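Student: model this:
(4 chains)
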Protein chains: 2
Amino acid sequence: MAVPTPTAAATESQPARLPVGGAATAAGRVLAVLSAFGPTHPSLTLSEISRRSGLTLTTTHRLVGELRQWGGLERGPDGRYAIGLRLLELGALAPHGLQLRELALPYLDDLHQATRANVHLAVRDGADGVYVEALRARGAVQVLSRLGGRWPLHATGTGQVLLAFADREVQDELLQARLKRFTPDTITDVGELRRVLAEVRRTGVAIADNQLTPDALAIAVPVRGRRDEVVAALGVTVQRGTVPSHALAPALAATARGISRALGSPSATPEAGGAIRASRTGGAMTPRSR
Amino acid sequence: MAVPTPTAAATESQPARLPVGGAATAAGRVLAVLSAFGPTHPSLTLSEISRRSGLTLTTTHRLVGELRQWGGLERGPDGRYAIGLRLLELGALAPHGLQLRELALPYLDDLHQATRANVHLAVRDGADGVYVEALRARGAVQVLSRLGGRWPLHATGTGQVLLAFADREVQDELLQARLKRFTPDTITDVGELRRVLAEVRRTGVAIADNQLTPDALAIAVPVRGRRDEVVAALGVTVQRGTVPSHALAPALAATARGISRALGSPSATPEAGGAIRASRTGGAMTPRSR
DNA sequence: ACGGGCCTTCCCCCCGGTGGAAGCCGGGCG
DNA sequence: CGCCCGGCTTCCACCGGGGGGAAGGCCCGT
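Tutor: Numbering: from 1, shown residues only, chains lettered A, B, ... in the order given. Now for the predicted structure:
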């Protein structure tokens, strides 16, 4: 807890940062080995793991051996190590992760089919948003959206939604850190970000224009859970200029509402709930049973 | 204490009560904690983890603490622990896992849309098949198909494909173990399984009728990689009797071929490739444009 | 043949991990 | 109200597993 956040170093993308910092404990060493892997380094040799984790070759060798035996790592025909299926299996159990995804997938699918856009479902983890699902549009290969992908909250549509509805405490902490720039238009000014977040709260929609990826336009809305708290953000990303930003909002809102209802959100359930926000996007979508 | 280990018999000798998984090593203990979680136990209290892993409460407490700090576990508002997003993130890096999935998803999606059936993509891990993707049909909630799900090879369509094309060594080993029965029709006789596998190799299609789930019919075909080796199996599952089994095969084959081509399989690539196995499943399938 | 990566094995010393025990909280019950 | 009980947290002294230096094997490219 006292530690800044578990995600402190996680926002990096390219460079090979070493978590050398605190592998003093035995368990920490195991985790250091695992941490050596990442989106930019999905497969490593033993010595690479050793270097990246800051552990002795010998230690690395033994730990990797144990992990392999367990199924957490596997060794390809080329001798390189990679993440094993056992970890995929475990990861699938994450409650805010693939559990949520499981339930939401049909809805996301509809949205994807209807809009032909990149569709994301993201949850917050520390100062980052993690994609719990990412459906890519056929043509435009926007490589940044992978399942399991992790991006700073301020620079994505889904992230802005998650941040806007996060606890005050979380917001304040993030607003003190330096906001990393990805494009010329990325919001890096704290004041501006505050204004944007207020707007997101007011309208219930985030519009991130050219924030993370050049020439991309992202639109996102909140997804709510049992106690009407925001548990995830649903977003689509399209090429700038191809679609007027407000054209996608209704479909997004309808889909988010569907998911929220499936999650048991009061405000999305007609009968019970506060009857708020009646049905701006009535009909249109096939009513989902269950 | 006095964990009720099944090894009771030898009374007076050394206690020899090692942690359940045989995790005498420190790393092993970390993994034992993780192993306590599973599809049937996605969230646990501290003491539950302790009991299920066979570790002391103290040790469990500390390890869980470290894992939590790292992001591998998270603690819900109810105080129970669950798998954290960090593990989802890692699991997504599995090369035979979500990497493969990423590439295949569009194809699977098409197949799903076209057939409205449960669609699975599975890879082999030991004697099990692991679902790398599972798209559920709208109506029939067949709960057994979850992403990350793990099932014995002999009892699923995709499993039979994976087994049929696995190394001889792998086959032999599995054919010696007892084959678990799931339904009255599950193949549990080794001889019969051999015949089935031979047939799968001959035709390139596995048809699993009422094997794992009562009243379910599964059809699966292989997906091939760079060196034409079978890297995964693609399958659909439908309610028995609703569709003639051969009706789905062409669509399946076409989809599998598309994925194989995307993976660089020679036999699925018209121009290049050694013209080996020309096209036993010729024509009939819509070529995918890209 | 030589040098340099990379991987694997061996072994002794030391330090971090372990687990017993005791303290804390909260809730159920008599 | 006081007791007990189950779950969680903290503390501490002992000891056995882990760390890492070092050496050996393999396979490159020079």
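
Student: and chain A, what are its domains?
Tutor: A:19-89, A:95-268 (automatic domain parsing).

Student: Out of those domains, which is closest to B:L57?
Tutor: Nearest to B:L57 among those is domain A:19-89 (16.1 Å), distances taken as CB to CB. C-beta coordinates here come from the backbone N, C-alpha and C atoms, glycine included.

Student: ok now that closest one, how far from the chain's centre?
Tutor: Averaging C-alpha positions (CA atoms, centre = their mean, to the nearest Å) puts domain A:19-89 24 Å from its chain's average.

Student: which stretches of the stretch 1-150 of chain A form strands?
Tutor: A:43-44, A:73-75, A:81-83, A:118-125, A:128-135, A:150-152 (DSSP state E, counting those that start in this stretch).

Student: The longest helix seen in chain A relative to strand A:118-125, how many degrees between them?
Tutor: Longest helix in chain A, counting residues (DSSP state H): helix A:245-263. Inter-element angle recorded for helix A:245-263 and strand A:118-125: 60 degrees (by axes from the mean of the first three to the mean of the last three CA atoms, to 10 degrees).

Student: Briefly note if helix A:245-263 comes near chain B.
Tutor: No: interface with chain B: helix A:245-263 contributes nothing (CB under 8 Å from any CB of the partner chain), its closest point being 12.6 Å away.

Student: Would you tell me whether stretch A:35-47 gets close to DNA strand D?
Tutor: No: figure legend: stretch A:35-47 not in contact with DNA strand D (CB under 7 Å from any atom of the strand); closest approach 10.7 Å.

Student: Quick one: mean pLDDT for that stretch?
Tutor: Averaging pLDDT along stretch A:35-47 yields 92.

Student: Redo the domains of chain A as a markdown table? Include distance to DNA strand C and mean neighbour count.
Tutor: Converted to a markdown table, the domains of chain A look like this (distance: least, CB to the nearest atom of the strand, whole Å; neighbours: other CB atoms under 10 Å in any protein chain shown):
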| stretch | distance to DNA strand C | mean neighbour count |
| --- | --- | --- |
| domain A:19-89 | 3 | 19 |
| domain A:95-268 | 19 | 20 |
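
Student: Mind checking these for the one nearest to B:V130?
Tutor: Nearest of the domains of chain A (CB to CB): domain A:19-89, 4.9 Å.

Student: who are the neighbours in contact with A:A232?
Tutor: Shown in contact with A:A232 (CB atoms under 8 Å, 6 or more residues apart in numbering or on different chains): A:H96, A:L100, A:A104, A:L121, A:A122, A:V123, A:V132, A:L162, A:P222, A:V223, A:I259.

Student: and which of these is nearest to B:P266?
Tutor: A:V132 (35.7 Å).

Student: and the closest residue to A:L85 other than its chain neighbours, bridged to which residues?
Tutor: For A:L85, ignoring the flanking residues on the chain, the nearest one in space by CB to CB, 6 or more residues apart in numbering or on different chains is B:D125 at 4.5 Å. For B:D125, the beta-bridge partners are B:D128 (DSSP bridges).

Student: these two touch, right, B:D125 and A:G71?
Tutor: Yes: if you go by CB atoms under 8 Å, B:D125 and A:G71 touch, sitting 7.0 Å apart.

Student: Show me whatever sits in contact with both of those two.
Tutor: A:G84, A:L85, A:R86.

Student: quick check, nearest of those to DNA strand D?
Tutor: Nearest to DNA strand D, judged by CB to the nearest atom of the strand, of the shared contacts of B:D125 and A:G71 is A:R86 at 19.0 Å.

Student: that older thread, now the shared contacts of B:D125 and A:G71 in JSON lines, with pLDDT and distance to B:L174?
Tutor: Output for these, formatted as JSON lines (pLDDT from 0 to 100; distance: CB to CB, whole Å):
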{"residue": "A:G84", "pLDDT": "92", "distance to B:L174": "19"}
{"residue": "A:L85", "pLDDT": "93", "distance to B:L174": "17"}
{"residue": "A:R86", "pLDDT": "93", "distance to B:L174": "18"}
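
Student: restrict the residues you listed to contacts with DNA strand D.
Tutor: Among the shared contacts of B:D125 and A:G71, no residue is within reach of DNA strand D (CB under 7 Å from any atom of the strand).

Student: I'd guess A:A233 is in a helix, am I close?
Tutor: No: counting by DSSP: H, G, I helix; E, B strand; the rest coil, A:A233 falls outside a helix, being strand.

Student: That one and A:L100: what is the separation?
Tutor: To A:L100, A:A233 is 11 Å away according to CB to CB, to the nearest Å.

Student: what residues are shared contacts of the two?
Tutor: The contact lists of A:A233 and A:L100 share A:L121, A:V123, where a contact means CB under 8 Å, 6+ apart.
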